[in-house]
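> please work out how this folds:
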Amino acid sequence: MLTVTFLGTAGSLPTPERSPSAVLVNREGEMLLFDCGEGTQRQMMRAKTGMMKLSHIFVTHFHADHILGIPGLLETMSFQGRNEPLTIAGPIGTTDMVDLFDELVYHKQKFPINALDLLPGDVLRRDGYQIETIKTAHSVRSLGYCLKEDSRPGRFNRSRAVELGVSPGPLFGRLQRGEIVDVEGKTVHPKDVMGPPRPGRKFVYTGDTRPSKEVEDASIDADLLIHDASLADDMSDWALESMHSTAGEAAKLAQRAGVKKLVLTHISSRYSEDPSSLLNDACRHFPEAIVAEDLMKICVHLREK
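As a prediction, this is how the structure comes out:
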């Protein structure tokens with residue numbers, strides 16, 4: 001299971017409908033938080049996601065609407081008796097940010113906090129997947145993130161295995177694990193009975209950014225792309241000046257990259273109640289685009305190819 005919960009979808013200013021940026025990924029029970037705007041812990045409570053299984057917070061940049069929720073979230077987990085370590089990762093300066101929070105707020109946090117300064121192209125290997133950082137184009141030092149699962153073995157062809165003389169039982173399991181087996185003097189290789197490898201899931205979160213080649217390359221064939229779409233296309237000059245993207249620009253990038261699903265987020269307060277103009281701009285280039293709403297959930301399913 002890989003579930004994405006949109007805890008905050010607002011642009012720089014929160015509105016009654018939208019909280020500041022925060023996206024929670026639950027992958028097989030492990031929770032990863034991407035950005036942590038003000039009020040994120042309350043949004044987690046409203047969404048009933050829990051927070052104690054959170055293993056990482058990935059920060060895209062240090063603008064206040066992306067980090068001010070961190071102190072409160074950590075304090076709440078501490079009050080609830082958390083002992084497990086938590087990693088906070090982000091651009092260069094993340095360790096300084098965590099040290100500052102520790103000095104001003106935490107006063108010797110009850111559980112370990114590991115801070116990581118990352119550069120574009122850094123890879124964090126995890127059990128069954130990896131997180132790769134993406135160079136993004138914003139007004140300050142910033143990163144995007146790509147979660148990419150390991151490929152899965154191909155489907156096991158049971159009937160073909162029986163034709164080759166392999167009896168159901170332990171030998172089936174050995175072939176599925178990639179082992180060669182001998183059957184009555186005949187060698188059977190896994191490739192004889194296994195289909196081609198199947199892809200794992202791929203999730204990309206841009207944070208605040210202009211459209212860029214780096215984001216497009218990282219998003220190729222992604223199952224889900226969550227892209228900055230702060231403004232409608234008729235405000236493209238302001239998007240360029242503020243180093244954000246329009247909905248149409250995000251959709252064009254998604255179309256070129258061949259992503260399966262595009263979700264527009266970081267919605268300017270001018271569209272908070274009615275984001276239809278953003279959706280219309282995006283759907284001209286990517287008909288399946290949707291606009292994120294607070295507490296919306298998306299399940300990203302495994303696919304065969």
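
> can I see the domain layout of this protein?
Using automatic domain parsing, the domain parsing of the chain gives 2-152+200-299, 158-193.

> nearest to residue 305, of these?
Ranking the domains of the chain by proximity to residue 305 (C-beta to C-beta) places domain 2-152+200-299 first, at 10.3 Å. For every residue, glycine as well, the C-beta is placed using N, CA and C.

> mean confidence score for that closest one?
For domain 2-152+200-299, mean pLDDT is 96.

> hang on, the earlier thing: check the domains of the chain for me and report the most buried one.
Mean neighbours per residue, mean count of other C-beta atoms under 10 Å, is largest over the domains of the chain for domain 2-152+200-299, with a mean of 19.

> CSV for the domains of the chain, including distance to residue 305?
What follows is these, written out as CSV (distance: least, C-beta to C-beta, whole Å):
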stretch, distance to residue 305
domain 2-152+200-299, 10
domain 158-193, 17
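
> would you agree residue 25 is in contact with residue 149?
No: with contact defined as C-beta atoms under 8 Å, residue 25 does not reach residue 149; the gap is 11.5 Å.

> which ones are touching the residue nearest to residue 210 when sequence neighbours are not counted?
Once flanking residues are discounted, residue 210 sits nearest to residue 137: 4.1 Å by C-beta to C-beta, 6 or more residues apart in numbering. Shown in contact with residue 137 (C-beta atoms under 8 Å, 6 or more residues apart in numbering): 209, 210, 211, 212, 243.

> just the element for residue 226, please.
In the assignment (DSSP states H and E), residue 226 maps to strand 224-228.

> so what strands line up beside that strand?
According to DSSP bridges, strand 224-228 forms sheet pairs with strand 202-205 (parallel), strand 262-265 (parallel).

> could the ones you listed go into a markdown table alongside distance to residue 196?
Listed next are these as a markdown table, based on distance: least, C-beta to C-beta, whole Å:
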| stretch | distance to residue 196 |
| --- | --- |
| strand 202-205 | 17 |
| strand 262-265 | 27 |
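
> just checking, what packs against the strand or helix carrying residue 214?
Applying DSSP H and E as the criterion places residue 214 in helix 213-218. Helix 213-218 is packed against strand 129-135, strand 143-149, helix 247-257, with contacts defined by 3 or more C-beta pairs under 8 Å, 6 or more residues apart in numbering; DSSP states H and E.

> off-centre distance for that helix?
15 Å (C-alpha atoms, centre = their mean, to the nearest Å).

> and of the helices and strands packed on helix 213-218, who's closest to residue 68?
strand 143-149 (18.2 Å).

> dump that closest one to CSV, restricted to CA.
Provided in CSV are the C-alpha atoms of strand 143-149 (Å, rounded to 0.1, in the frame of the first residue of the first chain):
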residue,chain,number,x,y,z
LEU,A,143,15.0,20.5,-3.5
GLY,A,144,12.3,18.2,-4.8
TYR,A,145,12.0,14.5,-4.0
CYS,A,146,11.5,11.3,-6.0
LEU,A,147,10.4,8.1,-4.1
LYS,A,148,11.2,5.2,-6.3
GLU,A,149,10.5,1.6,-5.3
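
> so what touches it?
Residues from elsewhere that reach strand 143-149 (C-beta under 8 Å, 6+ apart): 25, 27, 32, 34, 58-61, 90-91, 118, 120, 128-136, 199-207, 209, 214-215, 218-219, 222.

> and if we set it to 6 Å?
58, 60, 91, 129-134, 136, 200-207, 215, 218 (C-beta atoms under 6 Å, 6 or more residues apart in numbering).

> now the angle from it to strand 224-228?
The directions of strand 143-149 and strand 224-228 differ by 170 degrees, with axes from the mean of the first three to the mean of the last three C-alpha atoms, to 10 degrees as the criterion.

> beyond strand 143-149, next helix or strand please.
Beyond strand 143-149 toward the C-terminal end (DSSP H and E), the next one is helix 158-163.

> neighbouring contacts of that following helix?
Counting by C-beta under 6 Å, 6+ apart, helix 158-163 makes contact with residue 193, all of which sit outside it.

> who's the residue lying closest to residue 245 once chain neighbours are set aside bridged to?
Excluding the flanking residues, the one nearest residue 245 by C-beta to C-beta, 6+ apart is residue 228, at 4.7 Å. Residue 228 forms beta bridges with residue 265, as assigned by DSSP bridges.
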